[in-house]
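# Sequence first, predicted model second:
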Amino acid sequence: MQTISGLVDNRFKLGIIRYQTVYENYFLDYLADKGLKHEHIWEFEYLVIMSKGHPLADAAEVLYGELSRFIEIVQGS
């Protein structure tokens, strides 16, 4: 939201925003309401990284709920 505000206030000429796909309509409507143009440049998926010795390392698929038993370390953008 700070990036969008900076564009609207002419503090920035270019901004990159990242949002979850579920909120795409909200953001696209908000950008249009502010008179801003947009271009889709990249889409990503969530990934989980773990050591070979982790209890879930050999799982063919890891469901989100299974991760709640373990400590999470998040890398910021």
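Looks like it arrived, so ask away.
# Every contact and neighbour count from this point should use C-alpha atoms.
OK.
# What are the buried residues along the lengthiest helix in the chain?
Longest helix in the chain, counting residues (DSSP state H): helix 24-33. Applying a neighbour-count criterion of 16 or more other Cα atoms under 10 Å, one finds Phe27 buried in helix 24-33.
# what residue ranges in the protein score low on pLDDT?
Low-confidence segments of the chain (pLDDT under 70): 76-77.
# what do you get if the cut-off is 80, keeping everything else the same?
The chain contains residues with pLDDT under 80 at 46, 74-77.
# Could you measure from the residue of it most remote from its centre over to Tyr30?
Distance from the C-alpha centroid of the chain peaks at Gly53, with 28.2 Å (Cα atoms, centre = their mean). Applying Cα to Cα, to the nearest Å, the value for Gly53 to Tyr30 is 45 Å.
# and Ala57, what is it in contact with?
Taking Cα atoms under 8 Å, 6 or more residues apart in numbering, we find Ala57 in contact with Met50, Ser51.
# does it sit in a helix, a strand or a coil?
Of the three states, Ala57 takes coil under DSSP: H, G, I helix; E, B strand; the rest coil.
# And for the one 4 residues further on?
The local conformation at Glu61, judged by three-state DSSP, is coil.
# same check, this time on the one 5 residues further on
Three states are possible here, and by three-state DSSP the one that applies to Glu66 is helix.
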